[in-house]
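Peer 1: Sequence first, then the predicted structure:
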Amino acid sequence: MLIESIQPLIPIVIVLVTTLLISLSGKKPNLREFWSLAGAVLTFISVAVMVPVIMHGGKIVYTLSTIAPGISLNFRVDALSLIFGIVSSFLWIFATSYNIGYMRSLDEHAQTRYYTCFAIAILGAQGVAFSGSLFSLYLFYEIITIFTYPLVAHHQDQDGYGGAKKYIVYLMGTSKGFLLPAVVLTWVFTGTLDFADNITGGIFPKDANGVWVSVTYVLFIAGFAKAAIMPLHNWLPSAMVAPTPVSALLHAVAVVKAGVFCISRVMLSTFGVELLQNLNLGLYTAYAVSFTILTASVIALTKDDLKARLAYSTVSQLSYVVLGIALLDVPGITGGIIHIVNHGFSKITLFFCAGAIYVATHKKKISDMAGIGYAMPFTMGAFAIGSLSMIGAPPVAGFVTKWYLLNGALEIHNIPILVVLMASTILNAGYFAPITIKAFFEGRKQGWTKADIKEAPITMVVPLVLASLISVALGLFPSFFTNLIGRLFS
């Protein structure tokens, strides 16, 4: 059931208006932050009201403009787009509260520019989520890249400019060198850039040349470098020079999630499950991202800087999404898509914790964090929960991901993928468990009292605690998102 409605455009318009109000309120910090928070809440509500239609099997479409035959600036809401739209808009609320505490505590400069660019990045994420064609997707994908550049370079020092330069070179270079040619080739072969109505058939004709289809597919995978698949991942650790809320935006809310979402959308709605199976492209993709999952985890083991360890963890965890889609069966695709949600809440918790530790103690090295759990029990308690989710331990959200991925691998009888999933779980525990152990079991202070607690400001602690609790809730009650994903197969 297709419903023609302007609803997919409304979240984007709300974020656009919010951005204008933020930029006009530069001399009134309280008003500027109010607009940020109000915009985040209204954006989430405008996305949430579309849930009933999608849950009942419908799709919402809207065409804003037709540029040329087969090329439209159009929007579409289905289960996949709604999941990314919900996650990015809901986490924006948490990020805004956290931003207020972080930016004020450290008396950061250029806060109006910061909040403006942050909001436009969310606009890009909403646009990517609700794109109805490759043309719309490409447009909003580039908006995210352009307006997150000033956030990565925020400190305006040598490290900031260096990290931002690598960020823009990687993301712009791959989008112009690989993604744009892939979009053009798709239009040449199919005559349209609109996404298919289902995930089975794709838009390529059945007699399309397999070699050229495969070339186009590889160009797409390489072009979406925001997914940080090795060897196109180096921009992500380098971008850790940005303020911690920006790292959370990059890792949990908008940027890398846009990368894996775009790959998922192209695999399912441009190529389709049948074509990928016929050309065996799913299995090759699964093996390629398995290398990223294991290698990034091994590198994470070697990092003493907390944000660097979290960054390589993200590189590894993102590939779980692509791995699940590449299995091309129901449990695998379910596990891949639900990891967009589960990783979002768990990883934002971990980055919020890293920022809170820095604000309260100015510590960045894990080796300096012995006993920090007694000074920051709420922060490190939340960190422990987020870590368990990343490892895949029940009852936290990450367990649901790995349950579906393991079932997906079992369904196609693929032992190597099973081994990768089990080995990566051990590696996840290897680089996350020592942090919690050091925080709570080393350097314990004798005669500890409540007066020893020195947490970050409450506007930072509340979001990270709530995000960690939601990770638990998602682990115990995953049915809302699994039912939503199930609409893709009906």
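Peer 2: In hand now; what should we look at?
Peer 1: Now for Asn278, how many residues are close by?
Peer 2: Residues near Asn278, counting by other CB atoms under 10 Å, number 13. (Glycine included, C-beta is placed from N, CA and C.)
Peer 1: Could you check how far it is from Leu350?
Peer 2: The gap separating Asn278 from Leu350 is 40 Å, by CB to CB, to the nearest Å.
Peer 1: for the residue most central in space within the chain, what are its contacts?
Peer 2: When CA atoms, centre = their mean is applied to the chain, the residue found nearest the centroid is Lys257 (2.4 Å). Shown in contact with Lys257 (CB atoms under 8 Å, 6 or more residues apart in numbering): Phe84, Val87, Ser88, Ala125, Ile340, His343, Gly344.
Peer 1: Pull out the buried positions in the longest strand seen in the chain.
Peer 2: The longest strand of the chain (DSSP state E) is strand 59-68. Residues Lys59, Ile60, Val61, Tyr62 are the ones in strand 59-68 that count as buried (16 or more other CB atoms under 10 Å).
Peer 1: I'd assumed Leu123 was in contact with Ser88.
Peer 2: No: the pair Ser88 / Leu123 is not scored as a contact, 10.1 Å apart, by CB atoms under 8 Å.
Peer 1: More neighbours: the two, which one.
Peer 2: Neighbours of Ser88 and Leu123, each counted by other CB under 10 Å, are more numerous for Ser88; the result is 30 against 24.
Peer 1: any idea which helix or strand carries the more buried one?
Peer 2: Secondary structure from DSSP states H and E places Ser88 in helix 79-105.
Peer 1: how about low-confidence regions in the stretch 251-400 of the chain?
Peer 2: 251 (pLDDT under 70).
Peer 1: tell me the average confidence for stretch 90-108?
Peer 2: Stretch 90-108 comes out with an average pLDDT of 87.
Peer 1: Same check on stretch 150-162?
Peer 2: 92.
Peer 1: and if you look at stretch 62-72?
Peer 2: 96.
Peer 1: which two in the buried residues of strand 59-68 are spaced the farthest apart?
Peer 2: Farthest apart among those by CB to CB are Lys59 and Tyr62. That separation is 10.9 Å.
Peer 1: Find residues that contact each of the two.
Peer 2: Contact criterion CB under 8 Å, 6+ apart; residues shared by Lys59 and Tyr62: Arg76.
Peer 1: shouldn't Asp305 be in contact with Lys364?
Peer 2: Yes: assessed by CB under 8 Å, Asp305 is found in contact with Lys364 at 5.6 Å.
Peer 1: Would you double-check that Ala370 falls in a strand?
Peer 2: No: with DSSP: H, G, I helix; E, B strand; the rest coil as the criterion, Ala370 is assigned coil and is not in a strand.
Peer 1: So it versus Ala429, what's the distance?
Peer 2: 20 Å.
Peer 1: got it, and Leu179?
Peer 2: For Leu179 relative to Ala429 (CB to CB), the value is 36 Å.
Peer 1: Would you indicate which residues of the longest helix along the chain are buried?
Peer 2: The longest helix of the chain (DSSP state H) is helix 330-361. By neighbour count on 16+ other CB under 10 Å, the buried set for helix 330-361 is 330-360.
Peer 1: Ok, stretch 419-437 next?
Peer 2: Val420, Leu421, Ser424, Thr425, Leu427, Asn428, Ala429, Tyr431, Phe432, Pro434, Ile435, Thr436.
Peer 1: Dump it to PDB, keeping only the CA atoms.
Peer 2: Taking only C-alpha atoms (Å, rounded to 0.1, in the frame of the first residue of the first chain), the coordinates of stretch 419-437 have been written out as PDB:
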ATOM      1  CA  VAL A 419      34.100 -18.800  13.400                       C
ATOM      2  CA  VAL A 420      34.500 -15.000  12.600                       C
ATOM      3  CA  LEU A 421      31.500 -14.200  14.800                       C
ATOM      4  CA  MET A 422      32.700 -16.300  17.700                       C
ATOM      5  CA  ALA A 423      36.300 -15.000  17.400                       C
ATOM      6  CA  SER A 424      35.200 -11.400  17.200                       C
ATOM      7  CA  THR A 425      33.200 -11.800  20.400                       C
ATOM      8  CA  ILE A 426      36.300 -13.000  22.200                       C
ATOM      9  CA  LEU A 427      38.200 -10.100  20.900                       C
ATOM     10  CA  ASN A 428      35.400  -7.700  21.900                       C
ATOM     11  CA  ALA A 429      35.700  -9.000  25.400                       C
ATOM     12  CA  GLY A 430      39.500  -8.700  25.300                       C
ATOM     13  CA  TYR A 431      39.500  -5.000  24.700                       C
ATOM     14  CA  PHE A 432      36.400  -3.900  26.700                       C
ATOM     15  CA  ALA A 433      36.500  -6.000  29.800                       C
ATOM     16  CA  PRO A 434      39.900  -4.700  31.000                       C
ATOM     17  CA  ILE A 435      38.600  -1.100  31.100                       C
ATOM     18  CA  THR A 436      35.700  -2.000  33.500                       C
ATOM     19  CA  ILE A 437      38.100  -4.300  35.600                       C
END
